[in-house]
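Novice: Next input, structure requested:
(one chain, ligands or ions: 1)
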Amino acid sequence: MKILAFESSCDETAAAVVEDGRRVLSDAIASQADMHALYGGVVPEIASRKHVEAIAALTEKALADAHCTKDDIDAVAVTYAPGLIGAVLVGLSFAKSVAYAWNVPLIPVHHVRGHIAANYLAFPELEPPFLALAISGGNTLIVDVRDYTDLRILGATRDDAAGECFDKAARVLGLPYPGGKPMDELAQQSAGGVYQLPVAHVDGAPLDMSFSGLKTAVVNLAHHAEQTGEPLDRAALARDFTRAVSDTLVPRAMEAARQTGRKVICAAGGVAANSIIRADLQKACDAAGCRLYLPPLRLCGDNGAMIGAQGYYEYLAGHTAGMELNAYATREIEDRG
Ligand code: KG4
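Specialist: Have a look, this model is predicted:
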């Protein structure tokens, strides 16, 4: 079964063709990051406009790269939530019109379910159940993936997402948007151990997370240095910041594995590209006797193929939608349709 999949929830427009949920036939992506970098973050109205400009040509490219015509496409999958509402609406409206015009089923896909499903593309042997650490620009979740479409949240951030925290910390260190990758590169230049940064614990919810205090601590350190003229060791701060994020994420993922008895853990989302977090997760999984799946970097960030992968399993579960399908800025990963 060939699915044409769309993703437009933030600042990447993506169209892909995926076969049977596992084989990527094409994966066309147009990033708007350079445009948003001018403003230091995503400007929602610009994001929506850029999606409108890109999506038709990307669809043609995805079909051509996959050596497909519209007659080869069996269904259309699309991110319907969560994300910037205007941005999600562009992809959703386009996907609806394609499904309607071609008379094929329309499959709504939760964006973070898609991130987790990126692992199915990279690892053919991977099947639920497993634990997922989904860490992206807008979401930070520890999820028990009981089955392809039966997901339960075990832990979540109470405030900022890990990626958002990376982007804000990077900004005060003078790094370009999106800040995760440059922070990663800067952190490589220091062994850290210079700055004491907070790792928050949520009272009564040991698997939940909080990143806003960490973000504020980095902002305060940078502003203090600026105002007093004291030198700031930017590389050490990047390293200590990343350590604090990793020390928040990794022990919780391992505790979730202990509580559920799961022996397989998958990372997902843009922050899963971070070299320190990847190394820490690997070390912790080795120590606990867990198998770790780390998607290749190109599948960590937003892409259309991951939506096609999850879309296939949603379709098998009967989760299709009619033309009344709406977009949602927020939606729990446990919900469907
Ligand atoms: O998954 P993604 O592309 O978009 C969302 O679904 O949100 O994640 C984007 C986030 C951004 O915050 C970006 O700074 C972060 O992923 N990111 C990283 C790295 N590469 C991207 N964060 C830490 N280290 C990286 N190497």
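Novice: show me what contacts whatever residue of the stretch 101-250 of the chain ends up closest to the ligand?
Specialist: The stretch 101-250 of the chain approaches the ligand most closely through G180 (2.0 Å), counting by C-beta to the nearest ligand atom. Heads up, the C-betas are built off the backbone N, CA and C, glycines and all. Shown in contact with G180 (C-beta atoms under 8 Å, 6 or more residues apart in numbering): G163, F166, D167, A170, G270, V271, A273, N274.
Novice: Take those residues and keep only those in helices.
Specialist: G163, F166, D167, A170 (DSSP state H).
Novice: Can you report how many residues neighbour the first one?
Specialist: Spelled out, it's G163. As a burial measure, G163 scores 26 neighbours (other C-beta atoms under 10 Å).
Novice: go on, the one 5 residues further on?
Specialist: Counted with other C-beta under 10 Å, the burial measure for K168 works out to 21 neighbours.
Novice: which residues does it contact?
Specialist: K168 sits in contact with D160, G179, K215, V218, V219, where contact means C-beta under 8 Å, 6+ apart.
Novice: So for it, what's the pLDDT?
Specialist: Note on K168: pLDDT of 96.
Novice: Output the host helix or strand of I265 as PDB - backbone C-alpha positions only.
Specialist: In this structure, I265 sits in strand 264-268 according to DSSP states H and E. Extracted C-alpha coordinates of strand 264-268, given in PDB (Å, rounded to 0.1, in the frame of the first residue of the first chain):
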ATOM      1  CA  VAL A 264      13.300  -1.700  24.200                       C
ATOM      2  CA  ILE A 265      13.600   2.100  24.000                       C
ATOM      3  CA  CYS A 266      13.300   4.300  21.000                       C
ATOM      4  CA  ALA A 267      14.300   8.000  20.800                       C
ATOM      5  CA  ALA A 268      12.400  10.300  18.500                       C
END
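Novice: What strands line up against it, and which way round?
Specialist: As defined by DSSP bridges, the strand partners of strand 264-268 come to strand 130-135 (parallel), strand 291-293 (parallel).
Novice: List of residues touching that strand?
Specialist: With C-beta under 8 Å, 6+ apart as the criterion, strand 264-268 contacts 112, 115-116, 118-119, 126, 129-136, 145, 253, 257, 277-278, 281, 285, 290-295, 300.
Novice: now that strand: mean pLDDT?
Specialist: Here the average pLDDT along strand 264-268 is 98.
Novice: Tell me the buried residues in stretch 92-111?
Specialist: Neighbour counts over stretch 92-111 (16 or more other C-beta atoms under 10 Å) mark 92-96, 98-99, 104-111 as buried.
Novice: could you say what helices and strands the worst-scoring helix or strand of the chain on mean pLDDT packs with?
Specialist: When each helix and strand of the chain is scored by mean pLDDT, DSSP states H and E, helix 33-37 comes last, with a mean of 92. Judged by 3 or more C-beta pairs under 8 Å, 6 or more residues apart in numbering; DSSP states H and E, the packing partners of helix 33-37 are helix 44-65.
Novice: what does the stretch 101-250 of the chain put close to the ligand?
Specialist: Residues of the stretch 101-250 of the chain lying near the ligand by C-beta under 6 Å from any ligand atom: S136, G137, G138, G163, F166, D167, P178, G179, G180, K181, D184.
Novice: now with 5 Å?
Specialist: S136, G137, G138, G163, F166, D167, P178, G180, K181, D184 (C-beta under 5 Å from any ligand atom).
Novice: Please state the backbone phi and psi of the first one?
Specialist: The one in question is S136. phi -130, psi -170 (degrees, to the nearest 10).
Novice: Enumerate every residue touching it.
Specialist: V112, H115, A161, A162, G163, A268, G269, G270, V271, D302.
Novice: Give me the nearest residue to the third one, chain neighbours excluded.
Specialist: I take that to be A161. What sits nearest to A161 in space, not counting adjacent residues and going by C-beta to C-beta, 6 or more residues apart in numbering, is T140, at 4.6 Å.
Novice: Bridge partners for the one you found, pull those for me.
Specialist: Beta-bridge partners, per DSSP bridges, of T140: I135.
Novice: Residues touching the helix or strand containing V112, excluding its own?
Specialist: Assigned by DSSP H and E, V112 belongs to helix 111-122. Helix 111-122 has contacts (C-beta under 8 Å, 6+ apart) with 7, 9, 18, 21-24, 79, 81-83, 126, 132, 134, 136, 139, 141, 143, 145, 149, 151, 266, 268-269, 293, 295-296, 299-300, 302-303, 305-307, 309-310, 313-314, 333.
Novice: Pull out the buried members of those residues.
Specialist: By 16+ other C-beta under 10 Å, the contacts of helix 111-122 give 7, 9, 18, 21-22, 24, 79, 81-83, 126, 132, 134, 136, 139, 141, 143, 145, 149, 151, 266, 268-269, 293, 295, 299-300, 302-303, 305-307, 309-310, 313-314, 333 as buried.
Novice: out of those, which are inside helices?
Specialist: Checking those against DSSP H, those in helices are L299, C300, A305, M306, I307, A309, Q310, Y313, E314.
Novice: quick check, nearest of these to the ligand?
Specialist: Distances from the ligand to these, taken by C-beta to the nearest ligand atom, are shortest for C300, at 6.4 Å.
Novice: where's that closest one relative to H115, distance?
Specialist: According to C-beta to C-beta, to the nearest Å, C300 and H115 sit 8 Å apart.
Novice: what's the nearest residue to P206 if we skip its chain neighbours?
Specialist: E255 (6.5 Å).
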